[in-house]
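J.: output the structure for:
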Amino acid sequence: DKDSVGAAWYNTMQHVSGGFETQFSFRITDLSRHCKTDVTIEDRCMARGGDGFAFVIHDNNFSHALGAGASSMGYGGIDNSIAFEFDTWYNSELGDLYQNHIAVHTMGTEKNTPGSRSRLVTSTDVPNLSDGNIHTVKMRYEPWMEADSLLDPSYGISPYSLQWIASGAGTLKLWIDDLDRPALTFPLNLGNILALT
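T.: Here you go, the predicted model:
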């Protein structure tokens, strides 16, 4: 359904500020073929799987939170959250990249949004997320900075993220399919960004 939204959450709170690692698989099927240009060129008009989805960490006293649908991918509007989005749809009004991409968004303890002012980092160095195949994701957060991370080709940072790492940073790495080479590495301090219990 157009603008449908859903969520799946752990039933028990997971303590993540001291570090965590998780792995999951996903598959996006029933693809649409929609071009936002006047001229349709086969290799420039890609099949899309709606707006995508997000892996969200939040602590807002409501264990089964659900944000807005469409470009908000279920996390827009959830306060005290950070969202790792797997974005398959081009939303020019949000400053999206045209290609499918991964991005990390937070507004700290305020309501999260998919807009560019909340974007910590983004990468297009990912496989086609809406190709109908099963994709495996691994995420690892460590509350200290790994020195070799700064030299990793997948390392990224945005001017917006500087305010969140001023008093120290850890490292988050995200892999998609190739579990030997991160698709995204960036500085992150969950304790500075969110009010975690």
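J.: grab the nearest non-local neighbour of Ile82.
T.: Thr106 (4.2 Å; C-beta to C-beta, 6 or more residues apart in numbering). The way it works is simple: take the backbone N, C-alpha and C, and place the C-beta from them, glycine included.
J.: tell me how many other residues surround the one you found.
T.: Per other C-beta atoms under 10 Å, the neighbour tally for Thr106 reads 26.
J.: any idea which residue is closest to the centre of the chain?
T.: Centroid-nearest residue in the chain, with C-alpha atoms, centre = their mean: Phe84, separated by 1.9 Å.
J.: who does whatever helix or strand that residue lives in touch, helix- and strand-wise?
T.: Element membership for Phe84 (DSSP states H and E) is strand 81-87. The helices and strands touching strand 81-87, judged by 3 or more C-beta pairs under 8 Å, 6 or more residues apart in numbering; DSSP states H and E, are strand 52-58, strand 101-106.
J.: make CSV out of the ones you listed and add distance to Arg181 and mean pLDDT.
T.: Listed next are these as CSV, based on distance: least, C-beta to C-beta, whole Å; pLDDT from 0 to 100:
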stretch, distance to Arg181, mean pLDDT
strand 52-58, 19, 89
strand 101-106, 14, 92
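J.: would you mind finding the most buried of those?
T.: Among the helices and strands packed on strand 81-87, ranked by average contacts under mean count of other C-beta atoms under 10 Å, first place goes to strand 101-106 (a mean of 25).
J.: just to be sure, Met139 is in a helix?
T.: No - using DSSP: H, G, I helix; E, B strand; the rest coil, the assignment for Met139 is strand, not a helix.
J.: partners of it in the sheet?
T.: Beta-bridge pairing of Met139 under DSSP bridges involves Thr22, Leu174.
J.: contacting residues for it?
T.: Met139 sits next to Phe20, Glu21, Thr22, Gln23, Phe55, Phe84, Leu172, Lys173, Leu174, Trp175 when contact means C-beta atoms under 8 Å, 6 or more residues apart in numbering.
J.: how near is it to Gly170?
T.: Counting by C-beta to C-beta, to the nearest Å, the gap from Met139 to Gly170 is 13 Å.
J.: please apply the same query to Gln14.
T.: Relative to Gly170, Gln14 is positioned 16 Å away (C-beta to C-beta).
J.: these two: which is more packed in?
T.: Neighbour count, other C-beta under 10 Å: between Gln14 and Gly170, Gly170 has more, with 22 against 9.
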